[in-house]
Each structure stands twice: as C-alpha cells, then as structure tokens.
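Enquirer: Please work out how this folds:
(2 chains)
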Amino acid sequence: MQEILKIQNLKFQYPAYPGLDFPELLRGINLNINAGDFKIIIGKPEAGKSTLLKIILSLIPRYTQGIISGTLEFKGTQIDKYKPYELIEKIGSVFQDPDEQIFTTSCDTEIAFALESLGVEREEIKQRVDTALEILEIEKLKYRNPATLSGGEKKKLLMACLYAANPDLWLLDEILDELDPGAVKKIVQRLLREKRTVILFTSKMLDIFKLIPGNILVIKDGRLIDTTNMVQEAKEMLLIEEGLIFNPSESANRHSLAEITEPLVILKDLKYRYPGNDDFHLSIDNFHINRGEIVALAGRNGSGKSTLGKLIAGLRDKESGLLTVNEKNDLPCGYLFQNPDYQIFLPTVGEELSYGIKLMESQIQNTIDKFNLPDKNVPPTLMSYGARKRLQAAVYYLMERDLYILDEADAGLSLSDFENIINILHRTEKGIIIISHNMNLCSRYAHRVYLIESGRIAEEFENDLLKNLKSFFGNGESIL
Amino acid sequence: MITTTYVPGNSFLHKTDPRIKTILLLTTVPLFFFPLSITAMIMILILLTGTAIYSLGFSRFLQPIKMILPILVFVTILTPPFIRGGDAILSIGETVILTTEGITQTLRLILRFSGITLSFYLFFATTSINYFILTLNWFKLPYRVALIVTIALRYIPYMITIYNNIKDAHKLRGNDYNKKKLKEKLNSIFPTLVSVLIHAIKLIPALSMALELKGIGLETKRSTYSVIVSSNLALQIITSGGIVLLTILIALFI
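Expert: Next comes the predicted model:
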C-alpha cells in the first residue's frame, strides 16, 4: 500500500493571552495513512481535531500563530513545502463550518472554481460538475445560491467539490453533524465502496462506524489512541469518559409528564413562505407544547425544522394561522443559534452574563460553575467554539425564558455538555424544543417527537421514539 | 459564505449581454452628475423605474427605494435650510426657511441619488456575479482584480444578512430596536454593530483560506466554466445604442 500521509510526534500550542492560557493542544500525534484507508478520528469538541486538520492542510501556522513541532509528510514530501493552493489535487477538505469555505454565488460555480484554478478544460469541468452533483443527489441545487441552502445541503455541496477535484486524501471535519441519517449512510457507504483515502474527524460515535472496524482513533489529551486492539468494554469506557457516547446504564433524568397539561405553545393552520422563494412552504396544521415538555423536531435536511423554530421564537412573521407562546411574556423564547457568535458581543464573560440583568457576584460565579465556563474576566472571542455555545446557553438560563429552542445545539458540544445544558434549562414550568438529526439524543430527552417533511408534520410519536425514528430514517445509521 | 443581490429571472434585462449592460450603466450613472434640468432627470428616472418594474416586478423595484428612503428623508429635511439662493417661499420673522433654489437643489439631490441607486440595482439584480467577473475580464481587467472587486461587492449584501441574523439574536436578548430617542436607538444598535464587526474581522482569514484552498495563488492559466452567451447580439447592440442616444438627447435638449 502506498503511504499517503505520515505524521510523527506532532505538537502544537496556541499562544496565551492575558487571563487565558492555552495548554499544549497536540502533545505528540503519530499517524500513518495508506492509500484506501478510512480512518475516524473521534474526540470531544476542542480536543484538537480541527487544528490537526488545518495543520495537515498547511493552513496552520500560515494563518494562526502557535508553537509547532514534529514532522508531516505527504507522499514523502514535507507538508510545509506546499502552499495550501498547491494541495487541491493532493488533499481536499470539508470544514466543520461550511460557511468558511463557500464563496461563490451558485452551486455549480462553487464546484467548478478549483477546477478553473487548475486550468481544466471547460467541457471536462461541466462533466465533472454534473457528475459530482449527481453523486451527492443535489442536481436540483445546481443553480441555487449556496447562501439559501440548509447546513446539511452546504456540506453536500462541499463534498461535491471534493468529488470534482478528486484529491488523493479527503479530510472531512464533522461533515455528518447536520446531515440526515439517510444521507450519512449513503455518503459513508459510497466512500468505502470507492476505497477513498479518508480521515473523518467527528465528535459523535455513529452506528455506521461499525462498517469500518479497526479504524477508530480517539484523540485524548493531545494524543491519538488506537482502539483497534482494545477489548469492547475498555473501548466503550473510553468513549463514555470522553462524552462521545451515552452511558447505556444511565437514563436521562426527565420530568414525568403526568401532571403537566398547561399548554405553552399552540400552532394551528400556520402558513409561512420565504419572501421571493416559492420553492418552499411551511404548513403546520396542529402543533403544541405543554409546560415542562421537551419536544424534538426531526426531519431531513431542508425540511423546515429551523424555519418552524424561528417562527415560534418570533423571528419570522407568519403568513396566516394561529401561533401563541405565553402571551403574558413579551419575550418568551430563548433561541440557541447554531452559531453562538450572533449573540455574544461584550468584552468579558461576566459582562456577557449580566447584560441587562442585575446580578450579584455570587450568581455570576454560580452560573460560570454550572456551565463550566472560564473565568468571568476572559474575553468570549478567545474562548473555544464549545465554550461560546455554553456561554450562550448560560445567558438564556439567567434570562428565565418560558421556552428554549436548541437548534443543532449538540453540534460543537460533547454529549455530556449537551446533557448538562438540558438538565439545567429543564424545569417543570418551561418547555424545550430540540432540533437535531441525532436520533438517540432526540429519543433520550424528548417526551414527543414531531417529524417534519417538506414543511409539514409527517408524523408525531410519543412512544418508542428511537424505534420510530429509525424506521422513518432507515436503520443502521443512528448515533449510538 | 456570500450572498448576492442577483435575482434569478427571465426578463429582457436578464437576457441582455452583461457587457452591453455594463456600457449602459457607465452611460447612465455619469449622466446624473451632469447639470441636467430637473425635467430631464425625472424622465431618465421614469425610464429606469419602468425598466425595473417590467424586469423585476413592483415589489422588487421597491426594495432599493426602501433602503435609501431614510437618506432621502434626511436630505429633504436638512438640505433646504442651507440653500439661500432664489426667492423666499417660507420665512419665520426675518429668517428665511425655504427658497425656490433650496427646493430645486433638494429635488436634484433626491433624483440623482435615486437614479444612481436604481441603475446599480438594476444591473446587479439582473447580472450574476460570475457574468460580472467575465465582463470585467472581457474589459481586460486581470482576473485577480476582478475577483477582488466582485468579492467586495458581494460582501455588502452578505454583511446585511449577518446584520439581520445578529439583530434577530439580539432581539431575543431583549434588545429593543424601536426606541424613539436617538441616544437609546444608538445604544440598542451598538451591540449589534460590535457583533457584526467581530464577524467581519473573523471573515478575513476565513476568506483567505477558502480562496487559497480553491487554488487562488496558482500560476497556472485559469480556464473558465461560465461563458457569456448572447442571443441576437446585433439587435441588443442596436437597441442599447438607441437607448443611449435617447438618454443623451433627453439630457441635452430637455
């Protein structure tokens, strides 16, 4: 087998800032990738996965300061000999945040862009673009502006870019997070069938990884732990310790629904359409949430889950129908956006928490402890993505809202962090909506699940949530 | 991630060759800086308005007008008192508030600003960014320069989208954007602007990385996926020539 990538004793540390020291993130990474290997590097958020990916792509230290040592070779040549633009046909990548990578204004030109840079003939570009769109089953998105796509569709588009450029090594960072389970299954099976050389970085263990035995590496304390020769119990223990899977012996601490009947949210004959976009209509006949209830919205990419969440939060104006959310409160909803930076703007954690609320020092410190946040004087902009998400949740916790909407909030958080947030926000008088593709997560916490399909409620489950979800999405690709 | 002002459609303006549209734009916009009569400016604006409504529909036509409305109101209130020429129309005591020249100049500013805005809006709403890059290349602008120009243009609507997302998020934190007093209004907008600024700064390295990973920096001669396809180019040139001539005649003789 031809050796594609060889990493030896790689170490990396981000620079320290006043009040915020970063420990060494990578403490001796060793990794050998041969042609046709499909390796999964799994680790909790902030374990260093994205940093490792960017080092392999020559983007670190080119764009980010830090102390780096060790050797990285691509097919025998030191990686730092290459500029990122010289790697198109060698190493391709999909980032965790697709918005960081997409910059043209139609899907076909996005796929074609790298090929144009390589000087590929126009007829061949056209052919490769069409083939890539077909493989990812997004032909109908060919002329769409990527800005109008859902998170999962954007990731499919970036995968299509890789299919068109056809690099030797594919680096996929959390690409399965926002994809519906059916799409996950198809993509992973296809990559395996084609014997692509892939490194998949993920913070969640999927059932489908059972198809790739002996190739799971856990990134812990800055090092890679190969689980190939570990006994099943030890492997499970490691994954539970790192918050990568739920502990099967512990069930979620849910409120009983027996005494809860007071409605918090009521929707009837609700209609909505995006201005200037006739392709998508939201039409909800009946929907409700009682106080104390946790309800999950599940569905395929682009089905309208986030749109429904934003309507309930009052961020979109309905076209017609009834929508009520505790009329006694002017601001009844807290919405945890996929991107926490939309809501964070103050210089320190302490100021962020106390914005618009009078708090005592002890309340601030108590909240910091509850949400596992850094010191109150630390600037949020220097905190990790996961810590910023926890800060966003902490802000709403202090604002005491009636309803919390968690939109793909599990992305970028470990399962234990997510569980902690749910447990803190969940009160008998409050409601929670979870929007997620993670079937196990939905079934673990939700009292009911609404399945959204093409802007409508396709089904509603109260019992056997996991079984029903699996039967809807197809078996074999749920999150463990 | 970049949004755009382009509105997909099938109107005659969408089908018009982007090179011809660029020439029309370069003819129309400077006209508004010439010392034209008010009647001539109104006639050119009517021509642009008719084209906008016919090509994009009434609601789309209103979009840029809504955007510049606060500026137009500002101009209407602040310009007249500072222009003293002409006959007095309104005075308080001995202080002249409004003059004929004040009204003329204000009207001229409003027409100029509306005309320029509408011209650019028509161009970018009916021309996709890819065709715009190809057009700039056709005019012999180097690819990298054309790319920089288009990225800068594309970031304006993108930042508006980010601003709206952040505004949504801040509304949920209790930020009231409907405050009456100017100081309170500024206080509510300030946190939003700070968040937008943080986003804008973070975008710089992200965009550079994205560009490099897509091959910007390679010395290889770029190929092109999109090409400008024009049907009835001769007819388009004759029609456009007629429009340019008509506009110049209006400008000169009315």
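Enquirer: where do the helices sit along chain B?
Expert: B:12-15, B:18-31, B:38-56, B:58-78, B:100-126, B:129-138, B:143-172, B:182-213, B:233-253 (DSSP state H).
Enquirer: I'd like to know which of the ones you listed lies nearest to A:Gly222.
Expert: helix B:182-213 (23.4 Å; C-beta to C-beta). Every C-beta, even on glycine, is put in place using the N, C-alpha and C of the backbone.
Enquirer: And A:Gly152, how far from A:Glu174?
Expert: Applying C-beta to C-beta, to the nearest Å, the value for A:Gly152 to A:Glu174 is 12 Å.
Enquirer: for the record, mean pLDDT for the host helix or strand of A:Lys39?
Expert: Following DSSP states H and E, one finds A:Lys39 within strand A:38-42. Computed over strand A:38-42, the mean pLDDT rounds to 93.
Enquirer: Which positions in the stretch 101-250 of chain A make contact with chain B?
Expert: Residues of the stretch 101-250 of chain A that fall close to chain B, judged by C-beta under 8 Å from any C-beta of the partner chain: A:101-106, A:108-109, A:112-122, A:125-126, A:129, A:143, A:145-147, A:154.
Enquirer: Just the buried residues from those residues, in ChimeraX please.
Expert: In ChimeraX, a selection of the buried entries from those looks like this (16 or more other C-beta atoms under 10 Å in any protein chain shown):
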select /A:101,102,103,104,105,106,108,109,112,113,114,115,116,117,118,120,125,129,145,146,147,154
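Enquirer: before we move on, back to that, any chance of CSV for the helices of chain B, columns mean neighbour count and distance to B:Gly86?
Expert: Shown next, in CSV, are those (neighbours: other C-beta atoms under 10 Å in any protein chain shown; distance: least, C-beta to C-beta, whole Å):
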stretch, mean neighbour count, distance to B:Gly86
helix B:12-15, 16, 39
helix B:18-31, 18, 24
helix B:38-56, 17, 13
helix B:58-78, 13, 17
helix B:100-126, 19, 3
helix B:129-138, 20, 43
helix B:143-172, 17, 38
helix B:182-213, 16, 32
helix B:233-253, 14, 23
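Enquirer: Where does the prediction get shaky in the stretch 151-300 of chain A?
Expert: Applying pLDDT under 70 to the stretch 151-300 of chain A flags the ranges A:213-214, A:250-260, A:275-278.
Enquirer: Please enumerate the helices of it.
Expert: Using DSSP state H, counting those that start in this stretch, the helices of the stretch 151-300 of chain A run over residues A:151-165, A:181-193, A:232-241.
Enquirer: what about A:Asp207, neighbour count?
Expert: The number of residues packed near A:Asp207 is 18, by other C-beta atoms under 10 Å in any protein chain shown.
Enquirer: tell me the domain ranges of chain A?
Expert: A:3-241, A:263-473 (automatic domain parsing).
Enquirer: Save those as TSV, and put in distance to B:Val149 too.
Expert: Shown next, in TSV, are the domains of chain A (distance: least, C-beta to C-beta, whole Å):
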stretch	distance to B:Val149
domain A:3-241	14
domain A:263-473	26
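Enquirer: Figure out which of the ones you listed is closest to B:Met43.
Expert: B:Met43 lies closest to domain A:263-473 among the domains of chain A, at 30.2 Å (C-beta to C-beta).
Enquirer: re the thing from before, out of the residues of the stretch 101-250 of chain A next to chain B, list just those in helices.
Expert: Per DSSP H, those map to helices at A:108-109, A:112-118, A:122, A:125-126, A:129, A:154.
Enquirer: Let me know which of the helices of the stretch 151-300 of chain A is tucked in deepest.
Expert: Among those, ranked by average contacts under mean count of other C-beta atoms under 10 Å in any protein chain shown, first place goes to helix A:151-165 (a mean of 24).
Enquirer: That helix vs helix A:107-118, what angle?
Expert: In terms of direction (axes from the mean of the first three to the mean of the last three C-alpha atoms, to 10 degrees), helix A:151-165 departs from helix A:107-118 by 30 degrees.
Enquirer: Off-centre distance for helix A:151-165?
Expert: Distance of helix A:151-165 from the chain centroid (C-alpha atoms, centre = their mean, to the nearest Å) equals 16 Å.
Enquirer: and it with helix A:181-193, angle?
Expert: Going by the same axes, to 10 degrees, helix A:151-165 makes 20 degrees with helix A:181-193.
Enquirer: Output helix A:151-165 in CSV with nothing but the alpha carbons.
Expert: Taking Å, rounded to 0.1, in the frame of the first residue of the first chain, the C-alpha atoms of helix A:151-165 are listed here in CSV:
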residue,chain,number,x,y,z
GLY,A,151,-26.5,23.4,6.7
GLY,A,152,-26.6,19.8,5.5
GLU,A,153,-27.1,20.9,1.9
LYS,A,154,-24.0,23.1,2.2
LYS,A,155,-21.9,20.1,3.4
LYS,A,156,-23.2,18.0,0.5
LEU,A,157,-22.1,20.8,-1.8
LEU,A,158,-18.6,20.8,-0.4
MET,A,159,-18.5,17.1,-0.7
ALA,A,160,-19.4,17.6,-4.4
CYS,A,161,-16.4,20.0,-4.7
LEU,A,162,-14.2,17.1,-3.5
TYR,A,163,-15.7,14.7,-5.9
ALA,A,164,-15.0,17.1,-8.8
ALA,A,165,-11.4,17.9,-7.7
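Enquirer: What helices and strands are in contact with it?
Expert: strand A:91-94, helix A:107-118, helix A:122-135, helix A:181-193 (3 or more C-beta pairs under 8 Å, 6 or more residues apart in numbering or on different chains; DSSP states H and E).
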